[in-house]
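> pasting the structure only:
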Ligand SMILES: Nc1ncnc2c1ncn2[C@@H]1O[C@H](COP(=O)(O)OP(=O)(O)O)[C@@H](O)[C@H]1O
Ligand SMILES: [Mg+2]
């Protein structure tokens, strides 16, 4: 047995550099998150103090509970969740069938349709805001979770449609046809074969939509007064709030993003050892 | 188990006519092969039989059932796809059980029949695995097992062996043949590989540009092609075609200098058409290469000598055409040497010069 020759120095060096760069990028993103988390779990006295400790000295829920019990915060969290769930459900209910149709059927105007879908993103919400608010008021949708969700759906749909269409392109049409030869209806073949295979991708797309809605500030801020979502409330309140409130608020808005990233990662890797886009 | 009757079936994709008014009767329990070059409409015709494509004209019958307007699931077919289309999210067992489950068979029967199908294809060991854990050849077996596990009137196969490597294809071909003989079901099998068609089919339907040119047993298709195209598509090497002339009102034939007396069926055909220019078709193995001239020989010069083990393939240039000739393996032929070709009069085919159809 001969030992495998060591890779040349230049190769090893470039590997080291790649890892260094990756570590730097990770630190750049993770360090603030870490510091915010440390503060969020420190008692108020520590949070007010200076310099602030790099390691948690005393773990306490004081700061977090101060934030959560602040007036209107819990309600806005509830609103945020409601809006995000509405958005997710509506945009998947409309976007997934549209994506499926784009993936499976060749129809006249298909290419133009694709471009039109994207062009909806060309309208800045800022310009739309005044006509939108007047329309919402006349429809009685203003200051409601459903109203915000509808606008978020409009913002999310282009990506939902294009992403789901590429997911369904990745699920071979032969599979559905095979199911049909064995006794499935078209819908049955979709449910038994295409849907389970597309599920990991659809879940990832749903999470993406959820996050888009959870993080969206502008539309949520202009469309609501009382029933604000969390970002809409924080954007108004953060500048005038005590320091513990800011740290806890920052932490609170970060948490779902991180949790969902972990969840999405699990799903983005294939479920059955199959590579799906 | 059913006869398949196809009447004037037509399928168009925009301007492309993929299947041109094809009629074909496939008797119960026949193994028929649709053979033709890529793009000639084999898959489309098969999908019309399956119901995966709606026909633009004509009717399809299974036995006395008119299935033309039935959806796929009500036609009682099973199909093996070129891509296998094995469901990646189900175990091999659930894949094979799929058709039975759709027919709401009791669990005991599902189990028994999955087991039986798996045994026929030697994949009993793989039942618990997912398709991603199988090789291409094993996936192919799963696809076939899945298609035969439940009762269907007809079994349709679209190039099931084309994605296997050469050795595996040879092995699987023989196994398929044995399997289908056991099954006693009507099979429509699509391939572009003429060797596969010759070895498998009870009959071969040769297709070109959406039309069926000939439907006959493998040996008939090989020996007596109904058209120029059939002769040149089937066989390795393809049939030789030489310009010839019918003379004396059909009594004889001239090819260049050589004169040939016609016998049997071809003599009748020649008498029918009278004196005219025709194509003479003859296979390499029906030409004998001689080292000296004879009364009915065609002179030429050897261009290439290819020893193939069982025989030696000669490429001969004559005044009329390039001709492939089989010589005995031990025959002492060399390139650039003059040669005289003796055509077996009882093996020639005469074809119309303009239509390419056999006379
Ligand atoms: N879904 C389709 N849309 C448009 N044209 C098609 C479609 N399917 C087949 N064709 C065309 O029909 C012809 C026959 O195709 P096919 O039946 O797949 O040939 P084969 O299986 O013999 O290779 C080809 O010219 C092909 O391009
Ligand atoms: Mg094909």
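Yep, that arrived. Given the structure is predicted, the values throughout are model-derived calculations rather than measurements. Numbers count the residues shown, from 1 in each chain, chains lettered A, B, ... in the order given. Ligands and ions are numbered 1, 2, ... in the order given.

> Can you name the element that comes right after the helix or strand residue A:212 falls within?
According to DSSP states H and E, residue A:212 maps onto helix A:195-215. Moving toward the C-terminus from helix A:195-215, the next helix or strand (DSSP H and E) is helix A:218-223.

> so how far is that next one from its chain's centroid?
18 Å (CA atoms, centre = their mean, to the nearest Å).

> Tell me which stretches of the chain form helices.
No chain was given, so I picked chain A. Assigned helices in chain A, in chain order: A:9-40, A:44-48, A:62-68, A:73-104, A:110-119, A:125-139, A:145-169, A:173-181, A:186-189, A:195-215, A:218-223, A:230-237, A:243-268 (criterion: DSSP state H).

> hm, I was asking about chain B
Going by DSSP H, chain B shows helices at B:42-50, B:92-102, B:107-120, B:136-149, B:166-183, B:194-200, B:218-223, B:228-233, B:264-273.

> helices or strands up against the third one?
What it means is helix B:107-120. helix B:92-102, helix B:136-149 (3 or more CB pairs under 8 Å, 6 or more residues apart in numbering or on different chains; DSSP states H and E). Where C-beta positions appear, they are placed from N, C-alpha and C, glycine not excepted.

> Quickly check: the first one near chain A or not.
Yes: for helix B:92-102 and chain A, the contact criterion (CB under 8 Å from any CB of the partner chain) is met by B:98-99, B:102.

> Closest residue of chain A to chain B?
As assessed by CB to the nearest CB, chain B sits closest to residue A:183 within chain A, at 3.4 Å.

> that older thread, point out the one among the helices and strands packed on helix B:107-120 that comes closest to ligand 1.
helix B:136-149 (17.5 Å; CB to the nearest ligand atom).

> re the thing from before, mind checking how far the residue nearest to the residue of chain A closest to chain B when sequence neighbours are not counted is from residue B:94?
The shortest distance from residue A:183 to any non-neighbouring residue, by CB to CB, 6 or more residues apart in numbering or on different chains, is to residue B:102 (3.4 Å). From residue B:102 across to residue B:94, the span is 12 Å (CB to CB, to the nearest Å).

> And for residue B:345?
Residue B:345 is 61 Å from residue B:94, by CB to CB.

> Please apply the same query to residue A:259.
The separation that residue A:259 has from residue B:94, given CB to CB, amounts to 33 Å.

> Look at the two and report which has more neighbours.
Each of residue A:259 and residue B:94 has its neighbours counted (other CB atoms under 10 Å in any protein chain shown); residue B:94 has more, 16 against 11.

> circling back to that earlier point, let me know the closest of the residues of helix B:92-102 next to chain A to residue B:117.
Distance to residue B:117 across those (CB to CB) is lowest for residue B:99, with 9.9 Å.

> Tell me how many other residues surround the closest one.
Other residues within reach of residue B:99, judged by other CB under 10 Å, total 26.

> Near ligand 1, which residues of chain B? Just list them.
The interface of chain B toward ligand 1, taken as CB under 6 Å from any ligand atom, is made up of B:13, B:16, B:18, B:36, B:38-44.

> Buried subset of these as a ChimeraX selection?
Provided next is the ChimeraX selection string for whichever of the residues of chain B next to ligand 1 are buried by 16 or more other CB atoms under 10 Å in any protein chain shown:
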select /B:18,36,40,41,42,43,44
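
> thinking again about what came up before, pLDDT on the helix holding residue A:212, on average?
Mean pLDDT, computed over helix A:195-215, is 87.

> what separates that helix from the chain centre, distance-wise?
8 Å.

> closest to residue B:85 out of the helices of chain A?
The nearest among the helices of chain A, by CB to CB, is helix A:173-181 at 3.9 Å.

> Can you tell me which helices and strands the closest one packs against?
Packed next to helix A:173-181, using 3+ CB pairs under 8 Å, 6+ apart, are helix A:186-189, strand B:77-80.

> could the ones you listed be laid out in CSV, adding mean pLDDT and distance to residue A:31?
Listed next are the helices and strands packed on helix A:173-181 as CSV, based on pLDDT from 0 to 100; distance: least, CB to CB, whole Å:
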stretch, mean pLDDT, distance to residue A:31
helix A:186-189, 94, 50
strand B:77-80, 95, 57
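
> Could you check the pLDDT of residue A:43?
85.

> so what's residue B:121 up against?
B:141-142, B:144-145, B:175, B:179 (CB atoms under 8 Å, 6 or more residues apart in numbering or on different chains).

> My understanding was that residue A:189 contacts residue A:179; is that so?
Yes: counting by CB atoms under 8 Å, residue A:189 touches residue A:179, with 3.8 Å between them.

> the more surrounded of the two?
Shown here are residue A:189 and residue A:179; by other CB under 10 Å, residue A:179 has more neighbours (26 against 22).

> Tell me the spacing between that one and residue B:81.
11 Å.

> what do you get for residue A:143?
55 Å.

> quick one: which of these two has more around it?
Legend: neighbour count by other CB under 10 Å for residue A:143 and residue B:81, higher for residue B:81 (21 against 15).
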